[in-house]
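Undergrad: Give me coordinates for this.
(2 chains)
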2 protein chains.
Amino acid sequence: MSPSHADKPLGLIAGSGALPVTLAETQADKVFVVALEGAAEVALQQYPHITVPIGCMKAAADALLAAGCLDIVIIGGIERPNLEKLELDEGGQWFLEQVSSGNHAGDDKLLKVIIAYFEMRGLNVCSAQDYLCGQTGRTGPQTKHDHIAHQPDIDRAIEVASVAGSQDIGQSVVVGRRLVLAIEGPEGTDGMLQRLRDLSPEFLGTPEERRGVLVKLPKPQQDRRIDIPAVGGRTVELAAAACLAGIVFEAGGTLFDDFDSVVALAEKKGLFLLGLDRQN
Amino acid sequence: MSPSHADKPLGLIAGSGALPVTLAETQADKVFVVALEGAAEVALQQYPHITVPIGCMKAAADALLAAGCLDIVIIGGIERPNLEKLELDEGGQWFLEQVSSGNHAGDDKLLKVIIAYFEMRGLNVCSAQDYLCGQTGRTGPQTKHDHIAHQPDIDRAIEVASVAGSQDIGQSVVVGRRLVLAIEGPEGTDGMLQRLRDLSPEFLGTPEERRGVLVKLPKPQQDRRIDIPAVGGRTVELAAAACLAGIVFEAGGTLFDDFDSVVALAEKKGLFLLGLDRQN
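TA: This next block holds a predicted model:
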């Protein structure tokens, strides 16, 4: 699981958010960045880089190979593109043909096609977790707030998240009093947490008596090299605003902007943060 | 499947909406109504009736038996009660004990406990469909708008609705371009359709080019005597406002306020309305 070509620069295909920046920092002078246009942080421009539109997979692969990369990591947020309006190069065109010809219904299958393209070009797609070991979450309770009282909701949410994940619907589920309050759709985890606040108050807890849990897990069939669940400060803020009692994640299988600061924020906001050990 | 005690009054436990009124009309002078407080339409007060709070199941059963009812129908909308704040009589107390003791996690299981209570009291809980045959939907396309172009979305939505239903999550699913756009939670079908409009426009169609389908189906394991999917004019209005292409329902297994007027509205709004034949 360790980087296999340490003498070559790591290729970084970077979407939005702080994670690509954190990852680039860990690689210091041994990184080449493909910044996705309109998504990647400006801070990445301090590294050797090229900026490409999301539909230009060939340009990305060409630049990575020219820079001498063998291992690459695809990381950061990507707005799902409107396939009909995408500007495509040859690589993007190949992607669209794969997607149109087959039954690539969900996000998960789309992402597997992207991995397949870069591997076809001779690049080795790696897990971000291999480079961000300290930011993937630890096992067990991380704050002093009680999760035991919420175990029935946690169990039910894990069950539903597994089913939703296996259907490639979404990674996140909210359960309160054993009732499914929300399943993530294309609005994303943040959007799902925001809409919780529109629910009738009887379904929600209060700041004094928090209720309901957010469970965010990788999909069972998911390739761990792409679209790893991410939990950040904003996730905690929105979960707190919806009066949830806590957040459950997969230890070692989740990407945190900064694990310790997310834990500290959850502690302060009164939420439990529980890392599941599911990888052994 | 036909009413078994035609000489006795039909007992009607009535929640909100037009359906209980329609059903009472079909029974003319052979009906006794238990109007749920705060929910049932005032129009029902023209029939022999009693008004009870939702937590008073014993009062409801006593009144139905005193009125000579043997067959009863439970119909209309019910706001999920806050179990902690409910005023309960002996019957409601029994319900709460059943719910608290077992793993009655979802709506479906709660409703089965309600049926069990009335059957325990010697009442025969019947399907609303037996009394509303003309309002349960016909097989096949009901408007002239094309559904064939949307068949992949329809197939995927049926698949996801079956999974969501078997998990007792919700009856309704919206799929567009084979992507799950929404799964119903406790906000109900109307709330789900309303939140579709908050999605990024790239996921939605336009009034000129409608896209995405609403599939609303009974849960696979559901007792067909309670919580039958309902489709009304408002469902069509909200689906149209979200620029969906059409609505799929189970023919014979859905309750329409007035089937012909729902069809006429869908026709006018540019939506297909497709009845699935799943009961044979």
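Undergrad: for chain A, where's the lowest mean pLDDT among helices and strands?
TA: In chain A, no helix or strand scores lower on mean pLDDT, DSSP states H and E than helix A:90-101, which sits at a mean of 76.
Undergrad: buried residues in that helix?
TA: Buried positions in helix A:90-101, judged by neighbour count with 16 or more other C-beta atoms under 10 Å in any protein chain shown: A:91-92, A:94-96, A:98-99. (Glycine included, C-beta is placed from N, CA and C.)
Undergrad: Chain B: which of those residues is nearest?
TA: The closest of those to chain B turns out to be A:V99 (C-beta to the nearest C-beta; 10.1 Å).
Undergrad: Alpha carbons only: can I get the one helix or strand A:V34 maps to in CSV?
TA: Using DSSP states H and E, A:V34 sits in strand A:31-36. Extracted in CSV, the C-alpha atoms of strand A:31-36 (Å, rounded to 0.1, in the frame of the first residue of the first chain):
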residue,chain,number,x,y,z
VAL,A,31,4.5,16.6,-7.0
PHE,A,32,2.9,17.5,-10.4
VAL,A,33,-0.6,19.0,-10.2
VAL,A,34,-3.4,18.8,-12.8
ALA,A,35,-5.7,21.5,-11.5
LEU,A,36,-9.2,21.0,-12.6
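Undergrad: Could you check how sure the model is about it, as an average pLDDT?
TA: Mean per-residue pLDDT for strand A:31-36: 94.
Undergrad: what's the closest non-adjacent residue to A:I74?
TA: The spatially closest residue to A:I74, leaving aside those adjacent along the chain, is A:I13, at 4.5 Å (C-beta to C-beta, 6 or more residues apart in numbering or on different chains).
Undergrad: Shouldn't that neighbour be within a helix?
TA: No - judged by DSSP: H, G, I helix; E, B strand; the rest coil, A:I13 forms no part of a helix; its state is strand.
Undergrad: what number of residues lie near it?
TA: Using other C-beta atoms under 10 Å in any protein chain shown, A:I13 has 27 neighbouring residues.
Undergrad: Same question for A:V21.
TA: For A:V21, the number of neighbouring residues by other C-beta under 10 Å comes to 21.
Undergrad: what's near enough to touch it?
TA: With contact taken as C-beta atoms under 8 Å, 6 or more residues apart in numbering or on different chains, A:V21 is in contact with A:41, A:43-44.
Undergrad: Would you mind measuring from it to A:G77?
TA: In this view, A:V21 and A:G77 are 12 Å apart by C-beta to C-beta, to the nearest Å.
Undergrad: before we move on, what about A:G205?
TA: For A:G205, the distance to A:G77 - C-beta to C-beta - is 29 Å.
Undergrad: now A:C69
TA: 22 Å.
Undergrad: more crowded one of these two?
TA: Shown here are A:C69 and A:G77; by other C-beta under 10 Å, A:C69 has more neighbours (22 against 15).
Undergrad: where does the more buried one fall, phi/psi-wise?
TA: Backbone torsions of A:C69, given as degrees, to the nearest 10, read phi -70, psi 150.
Undergrad: how about it, what does it touch?
TA: A:8-11, A:32, A:123.
Undergrad: Next: A:T189.
TA: A:171-172, A:214, A:216, A:235.
Undergrad: of these, closest to B:C56?
TA: The closest of those to B:C56 turns out to be A:L214 (C-beta to C-beta; 35.8 Å).
Undergrad: Just grab the bridge partners of the closest one for me.
TA: Residues in a beta bridge with A:L214, per DSSP bridges, are A:V174, A:I247.
Undergrad: Run through the neighbouring helices and strands of the least confident helix or strand of chain A.
TA: Identification of packing neighbours for helix A:90-101 by 3 or more C-beta pairs under 8 Å, 6 or more residues apart in numbering or on different chains; DSSP states H and E yields helix A:57-66, helix A:107-120.
Undergrad: got the CA coordinates for it in PDB?
TA: Output in PDB follows, covering the C-alpha atoms of helix A:90-101 (Å, rounded to 0.1, in the frame of the first residue of the first chain):
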ATOM      1  CA  GLU A  90     -10.100  12.700 -27.100                       C
ATOM      2  CA  GLY A  91      -9.900  11.300 -23.600                       C
ATOM      3  CA  GLY A  92     -13.200  12.900 -22.500                       C
ATOM      4  CA  GLN A  93     -14.700  11.600 -25.700                       C
ATOM      5  CA  TRP A  94     -13.600   8.100 -24.900                       C
ATOM      6  CA  PHE A  95     -15.100   8.500 -21.400                       C
ATOM      7  CA  LEU A  96     -18.400   9.700 -22.900                       C
ATOM      8  CA  GLU A  97     -18.500   6.700 -25.300                       C
ATOM      9  CA  GLN A  98     -17.900   4.200 -22.500                       C
ATOM     10  CA  VAL A  99     -20.600   5.900 -20.400                       C
ATOM     11  CA  SER A 100     -23.100   6.100 -23.200                       C
ATOM     12  CA  SER A 101     -22.600   2.500 -24.400                       C
END
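Undergrad: And it, how far out from the chain middle?
TA: 24 Å (C-alpha atoms, centre = their mean, to the nearest Å).
Undergrad: Which residue, neighbours along the chain excluded, lies closest to A:N124?
TA: A:D71 (4.9 Å).
Undergrad: try A:G253
TA: In space, and not counting its chain neighbours, A:G253 is closest to A:P218: 5.3 Å by C-beta to C-beta, 6+ apart.
Undergrad: Is A:L273 bridged to anything, and to what?
TA: A:I247.
Undergrad: Now for it: which residues touch it?
TA: Each residue near A:L273 by C-beta under 8 Å, 6+ apart is listed here: A:141-143, A:236, A:246-247, A:249, A:262-263, A:266.
Undergrad: And the helices in chain A, which stretches?
TA: A:19-27, A:57-66, A:90-101, A:107-120, A:151-166, A:188-196, A:233-241, A:259-269 (DSSP state H).
Undergrad: Least reliable of these by average pLDDT, please.
TA: helix A:90-101 (a mean of 76).
Undergrad: Could you tell me the angle between that helix and helix A:57-66?
TA: On the basis of axes from the mean of the first three to the mean of the last three C-alpha atoms, to 10 degrees, helix A:90-101 is oriented at 130 degrees to helix A:57-66.
Undergrad: Give me the residues contacting helix A:90-101.
TA: Applying C-beta under 8 Å, 6+ apart, the external contacts of helix A:90-101 come out as A:55-61, A:83, A:86, A:88, A:104, A:110, A:113-114, A:116-117.
Undergrad: just stretch A:117-134 next, same as before
TA: A:1-5, A:10-11, A:19, A:22-23, A:26-27, A:57, A:60-61, A:64-65, A:69-75, A:91, A:94-95, A:115, A:136, A:224-226, A:228, A:252-253, A:255, A:259.
Undergrad: Just the C-alphas of that stretch, formatted as PDB.
TA: The C-alpha coordinates for stretch A:117-134 follow below in PDB (Å, rounded to 0.1, in the frame of the first residue of the first chain):
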ATOM      1  CA  TYR A 117      -8.800   5.700 -18.700                       C
ATOM      2  CA  PHE A 118      -5.700   6.700 -16.700                       C
ATOM      3  CA  GLU A 119      -4.600   3.100 -16.200                       C
ATOM      4  CA  MET A 120      -5.000   2.500 -19.900                       C
ATOM      5  CA  ARG A 121      -2.600   5.300 -20.400                       C
ATOM      6  CA  GLY A 122       0.000   3.600 -18.200                       C
ATOM      7  CA  LEU A 123      -0.600   5.600 -15.000                       C
ATOM      8  CA  ASN A 124      -1.100   3.900 -11.600                       C
ATOM      9  CA  VAL A 125      -4.100   5.300  -9.800                       C
ATOM     10  CA  CYS A 126      -3.400   5.300  -6.000                       C
ATOM     11  CA  SER A 127      -5.500   5.900  -2.900                       C
ATOM     12  CA  ALA A 128      -5.300   9.300  -1.300                       C
ATOM     13  CA  GLN A 129      -5.300   7.500   2.000                       C
ATOM     14  CA  ASP A 130      -1.800   6.100   1.300                       C
ATOM     15  CA  TYR A 131      -0.500   9.600   1.300                       C
ATOM     16  CA  LEU A 132      -2.700  11.100   4.000                       C
ATOM     17  CA  CYS A 133      -2.600   8.400   6.700                       C
ATOM     18  CA  GLY A 134      -2.900  10.900   9.600                       C
END
